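[1] coords below, sequence missing:
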DNA sequence: TTTAGCACTCAACACTGGAGAGTGCCAACA
DNA sequence: TGTTGGCACTCTCCAGTGTTGAGTGCTAAA
């Protein structure tokens, strides 16, 4: 719904101030800002209209107004502008992240985001099964245990322990890894998984000794392998001070829920499918527990496909003009990182 | 200091009840338990003695008594007995941890501990530089970037990205890794690091082409490598409900401090040097922020050397009889795991 | 040595009234 | 017709008050 100029202005002032103070905003305050040159009484009329249209509410009869979720959305759509200053500040912040490998890079970024936004920062790592195989290797740790190391083209390293039949010799392992490396270079792990499963089906037909070994080992390896993504988040303590979590039980519920990764995943999956910065507010989640929260997220890409997401979780009344460019920029960082790492040496 | 039988009994009843309720315990309650068959008035005399000796205090004139840190210590030393039932319960709990690799095993264990103790569970992973090299490998991701993968004999996989001189060819990398694997199998990473550093010193003397390559690459790799340990902890939300953290600021301070890993590390390092379960209470830490906390920890071993620690952090008034065997048992699990993984295939 | 009795202290709680912030409505005004 | 000042009203917040109950220390008697 479209608002008049003055309604917009009043809404903006209310949201701005609410973001600042987390307190209901009264007509007197709005009038005093001097932006509109109207008396409190007139402001009250405008507020009354805004309330009718669902953009603001009163917590109780004699209190000021608080923006509703639609109020927030209107505000975000209309009034958020990102200043160059913000952007250059952010570039500074991300100048020298220290990270020895890709996993640590995700970790550092998540931590950094949480630090500079004073909210919860998160990174969902790429689903491993969408990544291209660079290299696979088996190392025998002892008679029954083999360590499998899978490296993707983007430099992500995944390792798995595997119980193994003692009849399989060390040089069998070498042969199998050579075979897999030759055959499956530059296929995604999912493709490999599927193709291997198919071959297992066919195995009654053509069994030579090598394929048998491959099948035996791969079955062990791929059947129960978890190539999903990991959620890396930092800064949960940042939201403890926030007034919307004065209620300790609410806080506990929320943190508990987030330690259960699947809950977090469910929430965050919503922003996996679209490109660009996406904002969720309160009721969007459809979860009572987190109705006081907001989420700013953006996916990052590898070869133009979304492979993961990152962003910020905080109170609804976040400082969007600061946070949006942060999320935007860090997603670019990761996209570039993945491009650079998996870049040359293509087939 | 030694206490009389009756003093001991009163102290035990007070601590027991305080652990239960986190409320000061009064003479009437102690009398009512019937353990001593004394009236509240007599109990009061005994309590008065205990207070003089520093085992209990009154938060205010007309309240019941609360154990002091020495009260807790006395209690732990004298009265904790671990029942077989506890132990078999724990064994059940750890029956089926799912973990695909060593890192995930630490993660699962830390999570499991936090779940069953309703406190914070932590595992400090082994210092990588105390671990024996099993295998090192270089993978070129692109012209300038090489991924190094280090595997220890216990199956811990560490990977590092490294910028590299373009003049170094792929087969140089293979040769160098062969060289390192041959020469340094079954040395600790620290030994390797030192030996390589020494060789760099000598390099003016005997330079053949291979050593030069090795030195160039290793320098890159080992100079700034972080082979320290990682702190894995779960369940911070468990202490939110606890009455000793009613004060939100205290809670925030504490969680913040713990997100700074070095703080946690400093605290936890204290229990690195001794074998057996170690208990710290409140003032032991010498840190105001965490004076309300207790810590039960035990190191785990690899070849009779302490390489890491694990344990539980919670309010002082923890259920020690339950928690001590949990910590004890899980440390054994990890010790055994490391022994099994790095076990055979020795030199 | 133990106990009953008593006076005393303190936290916790419910209740009260006043102050302050904010509203809606109305009548008056430009 | 839009704007404004005035006014009655509502509600939260807070400080002050009295009451209750739990617990103590002390004393004198058993």
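    Sure thing, it's come through. The structure presented is a predicted model; accordingly, all values stated were derived computationally and were not measured. Residues are numbered from 1 along each chain as shown, chains lettered A, B, ... in the order given.

[2] use CA for all of it now, contacts and neighbours both
    Fine.

[3] is the helix or strand where residue A:307 lies anywhere near chain B?
    In this assignment (DSSP states H and E), residue A:307 forms part of strand A:305-315. No. Interface with chain B: strand A:305-315 contributes nothing (Cα under 8 Å from any Cα of the partner chain), its closest point being 15.7 Å away.

[4] partners of that strand, with directions?
    Note on strand A:305-315: by DSSP bridges, its sheet partners are strand A:120-124 (antiparallel), strand A:293-302 (antiparallel).

[5] and the longest helix for chain A?
    Using DSSP state H to define each element, chain A has its longest helix at helix A:320-341.

[6] what's that helix packed up against?
    helix A:84-93, helix A:102-117, strand A:293-302, strand A:305-315, strand B:133-142 (3 or more Cα pairs under 8 Å, 6 or more residues apart in numbering or on different chains; DSSP states H and E).

[7] Could you figure out how far it is turned away from helix A:84-93?
    50 degrees (axes from the mean of the first three to the mean of the last three Cα atoms, to 10 degrees).

[8] how far out from the middle of the chain is helix A:320-341?
    12 Å (Cα atoms, centre = their mean, to the nearest Å).

[9] again, but for stretch A:151-165
    24 Å.

[10] What parts of chain A come near chain B?
    Going by Cα under 8 Å from any Cα, the residues of chain A near chain B are A:100-102, A:141-143, A:145, A:147, A:153-155, A:157, A:159-162, A:225, A:235, A:237-238, A:240-241, A:248-249, A:252, A:255-256, A:259, A:340-345.

[11] Would you mind listing what in chain A touches DNA strand D?
    Of all the residues in chain A, those in contact range of DNA strand D (Cα under 7 Å from any atom of the strand) are A:37, A:38, A:39, A:41, A:42, A:45, A:60, A:61, A:62.

[12] and residue B:88, which of the helices and strands packed on helix A:320-341 is closest to it?
    strand B:133-142 (35.7 Å; Cα to Cα).

[13] Residue A:19: what secondary structure?
    helix (DSSP: H, G, I helix; E, B strand; the rest coil).

[14] remind me which residues of the stretch 201-347 of chain A are low pLDDT?
    A:203-208, A:210, A:343-347 (pLDDT under 70).

[15] wait, isn't residue A:285 in contact with residue A:291?
    Yes. Proximity of residue A:285 to residue A:291 meets the contact threshold set by Cα atoms under 8 Å, at 7.2 Å.

[16] most neighbours per residue, which of the strands paired with strand A:305-315?
    strand A:120-124 (a mean of 27; mean count of other Cα atoms under 10 Å in any protein chain shown).

[17] Determine the angle, from 0 to 180 degrees, between that strand and helix A:102-117.
    Going by the same axes, to 10 degrees, strand A:120-124 makes 150 degrees with helix A:102-117.

[18] nearest residue to the residue nearest the centre of chain A other than its sequence neighbours?
    Residue closest to the mean C-alpha point of chain A, counted by Cα atoms, centre = their mean, is residue A:310 at 3.1 Å. Of all residues not flanking residue A:310 in the chain, residue A:123 sits nearest, at 4.2 Å (Cα to Cα, 6 or more residues apart in numbering or on different chains).

[19] dump the residue contacts of that neighbour.
    Contact analysis of residue A:123 by Cα atoms under 8 Å, 6 or more residues apart in numbering or on different chains lists A:106, A:107, A:109, A:110, A:231, A:232, A:233, A:308, A:309, A:310, A:311.

[20] tell me which of those residues is nearest to chain B?
    residue A:233 (11.3 Å; Cα to the nearest Cα).

[21] residues touching that closest one, list them.
    A:107, A:110, A:111, A:120, A:121, A:122, A:123.

[22] can you do 10 Å?
    Residue A:233 makes contact with A:106-111, A:113-114, A:120-124, A:258-259, A:264, A:310-313 under the criterion Cα atoms under 10 Å, 6 or more residues apart in numbering or on different chains.

[23] in a helix, that's where it is, yeah?
    No. Looking at residue A:233 with three-state DSSP, it is strand, so not inside a helix.

[24] Next, work out how far apart it and residue B:55 are.
    Taking Cα to Cα, to the nearest Å as the measure, residue A:233 falls 42 Å from residue B:55.

[25] now residue A:72
    In terms of Cα to Cα, residue A:72 sits 56 Å off from residue B:55.

[26] filter the residues of chain A next to DNA strand D to the buried ones?
    Neighbour-count burial (16 or more other Cα atoms under 10 Å in any protein chain shown) is assigned, among the residues of chain A next to DNA strand D, to residue A:38.

[27] what would the residues of chain A next to DNA strand D look like in CSV with pLDDT and secondary structure?
    As requested, these are exported to CSV (pLDDT from 0 to 100; DSSP: H, G, I helix; E, B strand; the rest coil):
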residue, pLDDT, secondary structure
A:37, 91, coil
A:38, 92, coil
A:39, 92, coil
A:41, 93, helix
A:42, 94, helix
A:45, 94, helix
A:60, 91, coil
A:61, 89, coil
A:62, 87, coil
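
[28] among the residues of chain A next to DNA strand D, which are in reach of DNA strand C?
    Okay, of the residues of chain A next to DNA strand D touching DNA strand C (Cα under 7 Å from any atom of the strand), that's A:41, A:45, A:61, A:62.

[29] Could you give me the buried positions within the helix or strand encompassing residue A:183?
    Here residue A:183, judged by DSSP H and E, is contained in helix A:170-184. For helix A:170-184, burial by neighbour count (16+ other Cα under 10 Å) applies to A:172, A:173, A:176, A:177, A:180, A:181, A:184.

[30] And these, which is closest to residue A:15?
    residue A:184 (54.4 Å).

[31] From the contacts of residue A:233, list the buried ones, please.
    Counted by 16+ other Cα under 10 Å, these give A:106-111, A:113-114, A:120-124, A:258-259, A:310-313 as buried.

[32] Show me what stretch A:282-295 is in contact with.
    With Cα under 10 Å, 6+ apart as the criterion, stretch A:282-295 contacts A:68-70, A:72, A:120-121, A:239, A:244-245, A:250-251, A:253-254, A:257, A:266-268, A:270-271, A:278-281, A:311-318, A:320.

[33] if we go to 7 Å?
    Contacts to stretch A:282-295, defined as Cα atoms under 7 Å, 6 or more residues apart in numbering or on different chains, come from residues A:69, A:244, A:254, A:267, A:279, A:280, A:281, A:312, A:313, A:314, A:315, A:316.

[34] Now for those, which sits with the most neighbours around it?
    Within the contacts of stretch A:282-295, residue A:312 tops the neighbour count with 29 neighbours, counted by other Cα atoms under 10 Å in any protein chain shown.

[35] Could you find the closest non-adjacent residue to that residue?
    In space, residue A:312 is closest to residue A:121, 4.6 Å off (Cα to Cα, 6+ apart).

[36] Over to residue A:315?
    residue A:293 (4.4 Å).

[37] Repeat that for residue A:309.
    Residue A:309's closest residue in space is residue A:299 (Cα to Cα, 6+ apart), at 3.9 Å.

[38] which residues sit in contact with that neighbour?
    Neighbour list for residue A:299: A:272, A:275, A:276, A:306, A:308, A:309, A:310, A:331 [criterion: Cα under 7 Å, 6+ apart].

[39] Mind doing that once more with 10 Å?
    A:123-124, A:271-278, A:305-311, A:327-328, A:330-332, A:334-335.

[40] These, buried ones only, as a PyMOL selection?
    Those of these that count as buried under 16+ other Cα under 10 Å are selected in PyMOL with:
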select buried, chain A and resi 123+124+271+272+275+277+278+306+307+308+309+310+311+327+328+330+331+332+334+335
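
[41] which residues sit in contact with residue A:6?
    Residue A:6 touches A:12, A:35, A:36, A:43, A:46, counting by Cα under 10 Å, 6+ apart.

[42] I'd like to know how far it sits from residue A:42.
    Taking Cα to Cα, one finds residue A:6 at 11 Å from residue A:42.

[43] And for residue A:336?
    Relative to residue A:42, and taking Cα to Cα, residue A:336 is found at 52 Å.

[44] Likewise for residue A:332?
    Taking Cα to Cα, one finds residue A:332 at 46 Å from residue A:42.
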